[in-house]
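Student: Output the structure for:
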Amino acid sequence: MIIVAALAAVGGIFAVASTGRSGLVEAQPATAPASAPAKPAAPAAPAPGTPATGAPAAKPALPPTEVSMRFGRAEPIKRTPGTIRVMSYNVENLFDAKDDPTLTGKADDKDMTKPAEHSKAAADAIKRCDPDVIALQEIESLEALTEFRDTYLSGLGYDHIVSIDTGDGRGIENSVISRFPLKNVETWKNLPLGGIHPDLFDNRPNEFAGQPLTFKRSPLRVTVEVPAAKVASLAGPGTPAKPYELTLFVVHQKSGRGGDYWRQAESRKTVELAAELTKKNPGANILILGDFNARSREEPLKIYSRAGLRELWGDPDADRDRTAITHASNRRIDHIIYNDSVSGEIVRDSKFVLAMPTRPEGVDFRTTAPPKGYASDHFPVVVDVRVVDQPPVIEPKPESKPDARPAGPAKPAAPSAPAAPAKLP
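Tutor: Modelled structure (predicted):
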């Protein structure tokens, strides 16, 4: 695959110019920190039935299956032979303990450090799924991601790492860590999407009213190259000895109910960027994956499907399937979308969302502490990909059933008017 990217070879290591503490480290082996602060030992628990002296009775823990593990699969699906495993995961505010002086006011990150137990839980989810390539969202910087990898994922082969500033006011980035080399990195900060921001955002004055639309957070494009030797070992004897390439567009589209117009513009531009790549390289294998902040039956996702791209579940009614839900709000807003070229390599039966502890249903997320084992408000999405090019697969495009949510009282039917054509809704 051929992608135009801003890379410079410096002493055999690629470097990417970017804003803030971000960039690309190519073939940087993961190493554990020289010294990690020891955690204080937990106090000994009293014997069963014996209350702690001078302390109120502890609240009972959340039931791990009925309350705190409401969405996704309890166990990962076994990896498909002859494939690499790809994961998309919004890890929710992976900020390190260093105060970034460029972030001030509402974006100040001094109190944003991700709790160590949450980082460890996110890493444990990654270990359980054992992906080869991970597309990550809500990463503070290359330094924060490198620290996370070296602290919690050391020795697992994630020697290739990219994290690039997306242009977001909070400083969060889109990122990739991989067991295979990464190349042809590009982002599109401040790229015009066409049009301007409307006066209102969710019926409130829009702080961006009248300004040109740009990506809230630019996609990150990067090509994964599986070496020929690895392809041969995975695919077996008789496999042509050539590398396999897979291009990722890692996205984190605008959030919020009032942001639908913005998400639609981001979807249209991302489709254009993928089409430009396909025009240059008709055989490019493309995945568009990440946090879309939209369900498959909503317009921002329909824009991708109308462009001929395919969503991994392939069924808008999966939005109602609890095993496919990707966010604690009971929504399926994290997706893996792919083009025709890679459709033959996608192992559809390998897809899954991993269940993770989350807050119980019906509570106020702003005032309820997360449960033990919590990692993020999003859950990992995983699929296996064969490493030898296959012919495209023709897949049916199922129609979505009507939305089951209440639609309000029905309007009375208008009197019939012979000879007048029916109006479209």
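Student: Ala265 versus Pro212, what's the distance?
Tutor: Distance from Pro212 to Ala265, counting by Cβ to Cβ, to the nearest Å: 10 Å. All C-beta spots, glycine's among them, are computed from the backbone N, C-alpha and C.
Student: And for Gly283?
Tutor: For Gly283 relative to Ala265 (Cβ to Cβ), the value is 29 Å.
Student: Glu147 too?
Tutor: Relative to Ala265, Glu147 is positioned 34 Å away (Cβ to Cβ).
Student: Same drill for those two, tell me which one is more crowded.
Tutor: More crowded of Glu147 and Ala265, by other Cβ atoms under 10 Å: Ala265, with 24 against 18.
Student: who's in contact with that one?
Tutor: Applying Cβ atoms under 8 Å, 6 or more residues apart in numbering, we find Ala265 in contact with 193-195, 213.
Student: Can you name the element that comes right after the helix or strand harbouring it?
Tutor: Under the criterion of DSSP states H and E, Ala265 resides in helix 260-280. Sequence-wise, the next helix or strand downstream of helix 260-280 (DSSP H and E) is strand 286-291.
Student: Show me what that next one pairs with in its sheet, parallel or antiparallel.
Tutor: Paired neighbours of strand 286-291 in the sheet (DSSP bridges): strand 244-252 (parallel), strand 334-338 (antiparallel).
Student: quick one, the longest one and helix 260-280 angle?
Tutor: For strand 244-252 and helix 260-280, the angle between their directions (axes from the mean of the first three to the mean of the last three Cα atoms, to 10 degrees) works out to 160 degrees.
Student: do the last one as well
Tutor: Computed with the same axes, to 10 degrees, the direction of strand 334-338 lies at 30 degrees from that of helix 260-280.
Student: For strand 334-338, buried residues please.
Tutor: With burial defined by 16 or more other Cβ atoms under 10 Å, the residues of strand 334-338 counted as buried are 334-338.
Student: would a markdown table of these with pLDDT be doable?
Tutor: Converted to a markdown table, these look like this (pLDDT from 0 to 100):
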| residue | pLDDT |
| --- | --- |
| Asp334 | 98 |
| His335 | 98 |
| Ile336 | 98 |
| Ile337 | 98 |
| Tyr338 | 98 |
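Student: Could you pull up phi and psi at Leu354?
Tutor: Backbone geometry at Leu354, expressed as degrees, to the nearest 10, gives phi -80, psi 130.
Student: going forward, begin numbering at 52 instead of 1
Tutor: Okay, residue one is now 52; in that scheme the one you just asked about reads as Leu405.
Student: Run through the residues that contact the closest residue to it other than its chain neighbours.
Tutor: Nearest residue to Leu405, sequence neighbours excluded (Cβ to Cβ, 6 or more residues apart in numbering): Pro431, at 4.6 Å. By Cβ under 8 Å, 6+ apart, the contact set of Pro431 is 138-140, 176-177, 180, 404-405, 407.
Student: got it, and Leu251?
Tutor: Listed by Cβ under 8 Å, 6+ apart, the contact partners of Leu251 are 257, 260, 309.
Student: Can I get the buried ones among these as something I can paste into ChimeraX?
Tutor: Buried subset of the contacts of Leu251, written as a ChimeraX selection, criterion 16+ other Cβ under 10 Å:
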select :257
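Student: pLDDT and secondary structure added to the contacts of Leu251, as a markdown table?
Tutor: Shown next, in a markdown table, are the contacts of Leu251 (pLDDT from 0 to 100; DSSP: H, G, I helix; E, B strand; the rest coil):
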| residue | pLDDT | secondary structure |
| --- | --- | --- |
| Asn257 | 95 | coil |
| Ala260 | 96 | coil |
| Gly309 | 92 | helix |
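Student: from the contacts of Leu251, which single one is nearest Gly206?
Tutor: Closest approach to Gly206 among the contacts of Leu251 (Cβ to Cβ): Gly309, at 44.7 Å.
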